[in-house]
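Asker: with the sequence up front, the predicted model follows.
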Amino acid sequence: MKKSLIVLAVLGAIASAASAQTSTTIYGIVDAGIVNERGGPAGNVTKLTSGVQNGSRLGFKGNEDLGGGLSAKFVMEAGFNVDSGTSGQGGVLFGRQAYVGLGSHWGNLLFGRQYTPLHTALDQVDPFGTGLAGNIENLFPGGPAGGPAGSPSGIRMNNSIKYTSPDWSGFNGELAYGFGEVPGNNKANRQWGAAIGYANGPAVIKLVHQRAEDPTGTDNQRNSMIGGKWDFGVAAIHAAFQKDRGFGAGNNREYMIGASAPIGPGKVLASYIRRDDRSALNRDARQWALGYTHAISKRTNLYTSYARITNDNGAAFTVGNATEAGTGDKAFNIGIRHLF
C-alpha cells in the first residue's frame, strides 16, 4: 500500500512538472463593423465588414521549456471573415501567421510565415494601429506590393527566417529574410528587412529598412522608415517619415503626424498623412482621419472612425481598414471588437 502511494506521488510530480514546462494557448479576435465607402468609381457602398479595427482571427501558440534557458515555441494563426464565415487571406489555412522556432535570453529565432519588420513598426507608431479608416498603410506602403505579377506582396513574408532580440534597457532589434525559392535564381522574389528600436517609459522610436526583389531579380522595392511616439499622459504624439522606391517607379516620400488621447474608458485618435510622389506624374495624396474607441470591458470595445483622401493628378488611393483596401476616397466605420 505504501509503495503504491509512493508510485502515485512520483507520477503526480512528474505530470505536474511536465505540465509546468509546456503550455499551449488558444486566442483570437472577433471584429465586425458597418463600413460606408464613398467616392469610388463604381459608386458608394455600405456593407458589413469583418476585421475593421483588427483582422478577425483564431490562433494557437505554445511554449515548451527545454531547460537551460532555452524554449521551443510556435504560433499558428488563421484569419476568418465573421460576416460570411469564410477564411481570410485568400483562403490560406494559417494565413495570418505560421511559425516555429527557439527562444532564449539571446532572443528568438523563428521560421515560417511572419510579419515584415516594416509592418510591425508602422503598427507601433500609427495612432490607429494599422486599422480602422485611418490606417497609415492607406498611403504608407507597409510591405512590398504593387509589383509585377508574382512579386512578393502584402505585409507578411513567406518562407522567412526571423531573429528578434531581447530587450536591452529599452533597445531592441529585428532581422528577417524571406527566401524567393525560384529555381536557378536565388535573388528573384526574395525579401529582407531590418529594424532597430527603443521603447522605454513614454518613448517609442523605430528605424526600419525593407527590400523585396521582383520575380526576375532585376528590379526591387525599397522602403526606409523612421517613426515614433511620445506619451505625455494626457495625450500622445505620433510621427513617421518614410522614403520608398516602388517596382519600376521613382522615389516617393510619406509623412504622418498624429495624436491619441484617453478620455474616460475610451481613446480619441487622429492623424494627417501626406504622400509626395517624386515621379514625373506627381500623383500626390493627403489623408486626414479621426476615430474613437470605447472600452466596455477588458476584452470588448466599440469603435468608430472617418477618413478622407484627396488625390492629385490621377492618383487613386483609397480609404481602407485593417483587412480591406477600400473602394473610395472617403470611408466611415462603426463596429465592435472582442478579444479572447
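Answerer: Arrived safely. Numbering: from 1, shown residues only.
Asker: can I get stretch 253-266 as PDB, trimmed to CA atoms?
Answerer: Extracted in PDB, the C-alpha atoms of stretch 253-266 (Å, rounded to 0.1, in the frame of the first residue of the first chain):
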ATOM      1  CA  ARG A 253       8.100  60.400 -49.600                       C
ATOM      2  CA  GLU A 254       5.400  59.900 -46.900                       C
ATOM      3  CA  TYR A 255       4.800  62.000 -43.800                       C
ATOM      4  CA  MET A 256       2.500  61.300 -40.900                       C
ATOM      5  CA  ILE A 257       1.700  63.300 -37.800                       C
ATOM      6  CA  GLY A 258      -0.900  62.100 -35.300                       C
ATOM      7  CA  ALA A 259      -2.300  62.100 -31.800                       C
ATOM      8  CA  SER A 260      -4.100  59.800 -29.400                       C
ATOM      9  CA  ALA A 261      -5.700  60.800 -26.100                       C
ATOM     10  CA  PRO A 262      -7.500  58.800 -23.400                       C
ATOM     11  CA  ILE A 263     -11.000  60.100 -22.500                       C
ATOM     12  CA  GLY A 264     -12.500  58.000 -19.700                       C
ATOM     13  CA  PRO A 265     -12.800  54.400 -20.800                       C
ATOM     14  CA  GLY A 266     -12.100  55.500 -24.400                       C
END
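Asker: so the residue nearest to Pro141 when sequence neighbours are not counted bridges to which residues?
Answerer: Excluding the flanking residues, the one nearest Pro141 by CB to CB, 6 or more residues apart in numbering is Asp244, at 5.3 Å. C-beta coordinates here come from the backbone N, C-alpha and C atoms, glycine included. Here Asp244 sits in beta bridges with Asn223, Asn252, as judged by DSSP bridges.
Asker: contacting residues around Asp244?
Answerer: Shown in contact with Asp244 (CB atoms under 8 Å, 6 or more residues apart in numbering): 141, 221-224, 251-252, 254.
Asker: which stretches of this structure aren't confidently modelled?
Answerer: 1-21, 143-153, 249 (pLDDT under 70).
Asker: now the helices: where do they sit in it?
Answerer: For the chain, helices defined by DSSP state H occupy the ranges 2-21, 117-125.
Asker: pairing partners for the longest strand seen in the chain, with directions?
Answerer: Longest strand of the chain, by residue count under DSSP state E: strand 22-38. When pairing is defined by DSSP bridges, strand 22-38 lines up against strand 45-50 (antiparallel), strand 57-67 (antiparallel), strand 330-339 (antiparallel).
Asker: list the contacts of the second one.
Answerer: I take that to be strand 57-67. 20-29, 71-80, 88, 96-97, 103.
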